[in-house]
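K.L.:
What shape does this take:
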Amino acid sequence: MDKIKFSGGEPLLRRDLPDILSGLPDLKDVSLTTNGTLLSKKAEGLADSGLDRVNVSLDTLHPDVYDTITQTKRNYHTKVMDGIHAAISADLVPVKVNMVLLGGLNDEEVWEMVEFTRGCGEDVILQLIELMDFKGLPDQQIDMDEVEKDLDEKASHSVERRMHRRRKYYIDGAEVELVRPIDNSTFCQNCNRLRVTSDAKLKTCLLHNKNLIDIRGKEPGEMEELLKSAVLRREPYCKPEEGMKTYQVYAAK
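P.N.:
Sure, this is the predicted structure:
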């Protein structure tokens, strides 16, 4: 295990986050996902504490649409934009801008967002993310095949990442990654992540709460065995269809 990502909820609400970061052992990559509203004030301190990079949630470039999506009216959109630029200045790069595609809300903004991230420079990557519809919002689910086809047509070239075998597209200086977790056996077969919930349980899969392992108050020796147990319990949420090529993922030692 050589990478850690902090997510939430909103991790920047933790007052002790700098202490947590500075207390980590030497790792290959320490990252964080944030809504960005507090990032402009905290970027420098986070970098000094050992954070390597950030993902920032930004579903739209339009403040009114942002207010609709987030159900807020407190000028948070400006704070998020300032946070992205502050992260770049603090060298928390690459900054990944997470845009969840929502039918009828922001699905017409994809190329506008591509232009925005291109304008931020080579240290910013756009991630187009499929809506994980756990609340029954079929009207906001969009055809990701069409999005992928559009990216293919406009990209000069693309590459396949090892993580989830996700495709990354290069479009006139912009870098765009497509994240499709729903009903995607390839995504699941090539996942090597293990999550820790806010109530100290190991979670073996993003898409379900089976096989949770309680680690609260455990000693280091116990933790090692529990981590091994969690890895052994992992299995793809989406199984490949018969005859589909699969891939084996091994946990790093």
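
K.L.:
next structured bit after the helix or strand of the chain with the lowest mean pLDDT?
P.N.:
Every helix and strand in the chain was compared by mean pLDDT, DSSP states H and E; the lowest is helix 185-189, with a mean of 72. Next helix or strand after helix 185-189 toward the C-terminus (DSSP states H and E): strand 195-196.

K.L.:
How far off centre is stretch 194-209?
P.N.:
Taking Cα atoms, centre = their mean, to the nearest Å, one finds stretch 194-209 lying 15 Å from the centre of the chain it belongs to.

K.L.:
can you give me the end-to-end distance of it?
P.N.:
12 Å (Cα to Cα, to the nearest Å).

K.L.:
got the buried residues for it?
P.N.:
194, 201-205 (16 or more other Cβ atoms under 10 Å). For glycine as for every other residue, the C-beta is placed from the backbone atoms N, C-alpha and C.

K.L.:
from the residues you listed, which single one is nearest residue 46?
P.N.:
Distance to residue 46 across those (Cβ to Cβ) is lowest for residue 194, with 23.2 Å.

K.L.:
and that closest one, what is it in contact with?
P.N.:
1, 202-204, 227, 230-231, 234 (Cβ atoms under 8 Å, 6 or more residues apart in numbering).

K.L.:
Among the buried residues of stretch 194-209, which ones are in strands?
P.N.:
201-203 (DSSP state E).

K.L.:
picking up where we left off before, using CSV, write out every CA atom in the least confident helix or strand of the chain.
P.N.:
In CSV, the C-alpha atoms belonging to helix 185-189 read as follows (Å, rounded to 0.1, in the frame of the first residue of the first chain):
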residue,chain,number,x,y,z
SER,A,185,-17.1,-5.2,-15.2
THR,A,186,-13.8,-3.9,-16.7
PHE,A,187,-13.8,-1.1,-14.2
CYS,A,188,-14.4,-3.5,-11.3
GLN,A,189,-12.0,-6.2,-12.5
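
K.L.:
how about that helix: buried residues?
P.N.:
Burial within helix 185-189, assessed by neighbour count using 16+ other Cβ under 10 Å, is assigned to 186-189.

K.L.:
export those residues to CSV and tack on distance to residue 76?
P.N.:
Output for these, formatted as CSV (distance: Cβ to Cβ, whole Å):
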residue, distance to residue 76
186, 35
187, 30
188, 33
189, 37
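
K.L.:
which one of those residues is nearest residue 21?
P.N.:
Nearest to residue 21 among those, with distances taken as Cβ to Cβ, is residue 187, at 28.8 Å.
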